[in-house]
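J.: Predicted model follows, preceded by the sequence.
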Amino acid sequence: MERESPVQQQAALSGFDPKVLAILGETIAKGVVAGMLAAEQEKTREQDTRKKVHRERMRSQYAETEKAKLIKWANCSHMRSHPYSGTSRIAWATQSDGVTRGTCMRCECPFSPVATELPFPKEMNGWYEKMIAVPMTAANNDFIQGMVATGTPA
């Protein structure tokens, strides 16, 4: 016959079963793990909500910024005032790809013959052709032939 260990002897005297302790320990561990998982899921939900609100706020700010740029562009004549009347504020440069592009020095709006490069392709349709025809300096303005471009070329 097998001899009982002191723990088994003590359990037998007290009426305590070590298997019950093991089951109780497992139950507590499962509860702790479940609680930790629930807390992690709640934290993840809160983070997702914060990220969603942040994305919506950033989209809104971007839309407002783009609207302000469009208003700024629409309110700009892209022309210099006296004594350089009839000349544009657009700095033109021929790029390495052979295309001449420009930027208004007042409203910082780009002008390009490539529609996809424009910030507002629909609104800016045709402006490249109008503005590139306007002289950049008074020396280019043909006062002798009677071509004096003044005001907005629209």
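T.: Looks like it arrived, so ask away. Numbering: from 1, shown residues only.

J.: What helix or strand is A91 located in?
T.: Per DSSP states H and E, A91 falls inside strand 90-94.

J.: Going by the annotation, which residue ranges form each domain of the protein?
T.: Per the record, the chain has its domains at 6-75, 77-154, by automatic domain parsing.

J.: Adding mean neighbour count and mean pLDDT as columns, could you present those in a markdown table?
T.: In short, each C-beta sits where N, CA and C put it, glycine included. Shown next, in a markdown table, are the domains of the chain (neighbours: other Cβ atoms under 10 Å; pLDDT from 0 to 100):
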| stretch | mean neighbour count | mean pLDDT |
| --- | --- | --- |
| domain 6-75 | 10 | 84 |
| domain 77-154 | 14 | 78 |
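
J.: hang on, the earlier thing: does anything pack onto the next helix or strand after the strand holding A91? Which helices or strands?
T.: Per DSSP H and E, the first helix or strand lying C-terminal to strand 90-94 is strand 100-104. Using 3 or more Cβ pairs under 8 Å, 6 or more residues apart in numbering; DSSP states H and E, the elements in contact with strand 100-104 are strand 90-94, strand 110-111, helix 127-132.
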